[in-house]
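In: Predicted model follows, preceded by the sequence.
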Amino acid sequence: MKRRTVLTASTALITSAIPLRLFAQSSGRPPRADQVMWGGMGFSVPNTDVSRAFPILTKALNASGGQSKLALALTSQLGKNYSGGIAEDPAKLMDANSDPALIFTVSLDYEQMILVPNDGGGGDFQLSFVYALAQVLYLDLPRSGGSDGDLRVLYSFPFRVQSGEIAKIGNDTDRTQNFKKLVFEVDNSLVNVFGRKVATKKFREARLPKRLKVNSVTITPEAAAVIKELGISESLNEQFFGQALTASLAEKADISVLPFAQNDVLNGSLASRFNKFPNISKIFGRLNDPLENNYVIDLTVHRALRKSNGSNIANILYARGMSLFIKVSDAQRKNVLFDKKILLIENNELPKAMFDRLKDYDLRYMVQIAIKMFDLFSEAVMTDSQEKIKVIGLDPAVDTKDLKSLREVFLTCRY
């Protein structure tokens, strides 16, 4: 199990819980100040392993002015976008006039870069992926002679940002700049997605979603053998599948999902700031306690496929795909709620002149197939789309009822 450790940079902004007074204007109402706290930014590995696990992202952050610039960009999004929810029944919302507060944290969980020849020439086509986690906590400090305090995860949003850019072959500067743009500059950058998906939400303490987590990922020996033969097992591993499914559930099903990686941002430096409140300190330990989860997902990568389906004078046609078992269980009652196999196979042509880059193409398409399958599954559950149900190998006549039941489960995890 990987740990998430808070960064220990020189600036206190990254690791300190800093109150931000955020003013929101509502039509016909005077401005009101809502207070939130910046709980910190971290990685899903110990500090000593950050450069190894995030080699390109580390260079991109350093080239952008350091990790503090990302923390500043994220808190700026809170300052611009957090409304406090003043439009609807403000008496039920947490603001600066009440003791409870909101704590926002962000962690960087995973990076992935894939290079294939650019169709138009002039370098490589670089596919870049960054996986991150934003969480919003509700904190009510203990009161003398009153309550023991409370701490809850109101919203957990693991998300994936991606882009495609041209990079000169072997040019590390180009690759780093592409990651820099993905974090800060493009429309779907990490900073902008945080601003749109998290900083703009209106949080009410009374609405607490159920806890859902991808609990385990297993790759069968048969699937592992194919992935190893393709030479992509370092990238197509348990962590990738766990992160990809978690992000798809959060983004496409629009639900709150706990991180696949262990969250030490909360249990580490953030928790230490409240160690003078014993009751709050105890609650921090419960945030990652698997016994506190309501629903868990166990994912099995069942089979993987890549085979030639013919060729012509210029191209070779390859079929690639995989099948997966997704099992959803009620963690409290210990019963299985959903257990189905889904699959997706797609055909792509490879120019014979690019045969020496077959491994790179295998990685590109297998990653994209996995992400597409998880996205389609999440959308099929939430929309009853007959087309999407069929595309992932399910039978609408047989499986629609189970998918509807799973949707009811997922809706309890929506904030």
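Out: Alright, I've got the coordinates.
In: Show me the strands in the chain, by range?
Out: Listed in chain order, the strands of the chain (DSSP state E) span residues 5-6, 18-24, 32-43, 101-117, 124-140, 150-167, 212-219, 295-311, 315-330, 335-351.
In: can I get those in TSV with mean pLDDT?
Out: Shown next, in TSV, are the strands of the chain (pLDDT from 0 to 100):
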stretch	mean pLDDT
strand 5-6	27
strand 18-24	47
strand 32-43	67
strand 101-117	89
strand 124-140	89
strand 150-167	89
strand 212-219	96
strand 295-311	96
strand 315-330	97
strand 335-351	96
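In: Can you lay out the ones you listed as a markdown table showing mean neighbour count?
Out: C-beta coordinates here come from the backbone N, C-alpha and C atoms, glycine included. Output for the strands of the chain, formatted as a markdown table (neighbours: other CB atoms under 10 Å):
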| stretch | mean neighbour count |
| --- | --- |
| strand 5-6 | 24 |
| strand 18-24 | 14 |
| strand 32-43 | 23 |
| strand 101-117 | 22 |
| strand 124-140 | 22 |
| strand 150-167 | 20 |
| strand 212-219 | 20 |
| strand 295-311 | 17 |
| strand 315-330 | 19 |
| strand 335-351 | 15 |
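In: Of all those, which one comes closest to V226?
Out: Smallest distance to V226 across the strands of the chain (CB to CB): 4.1 Å, for strand 295-311.
In: quick check, distance from the closest one to the centre of its chain.
Out: 21 Å (CA atoms, centre = their mean, to the nearest Å).
In: for stretch 176-185, same thing?
Out: That offset, for stretch 176-185, works out to 18 Å (CA atoms, centre = their mean).
In: what residues does that stretch touch?
Out: Residues outside stretch 176-185 that contact it (CB atoms under 8 Å, 6 or more residues apart in numbering): 56-57, 59-61, 63-64, 69-70, 73, 111, 113, 126, 128, 130, 161-163, 165, 167, 189-191.
In: how far does that stretch stretch from start to finish?
Out: From its first residue to its last, stretch 176-185 covers 13 Å (CA to CA, to the nearest Å).
In: Check which residues of that stretch are buried.
Out: With burial defined by 16 or more other CB atoms under 10 Å, the residues of stretch 176-185 counted as buried are 176-184.
In: Tell me which entries of these lie within helices.
Out: Mapping the buried residues of stretch 176-185 onto helices (DSSP state H) picks out 176-180.
In: From the residues you listed, pick the one nearest W38.
Out: Nearest to W38 out of these is K180 (CB to CB; 22.2 Å).
In: Apart from its chain neighbours, what residue comes closest to the closest one?
Out: Of all residues not flanking K180 in the chain, A60 sits nearest, at 4.3 Å (CB to CB, 6 or more residues apart in numbering).
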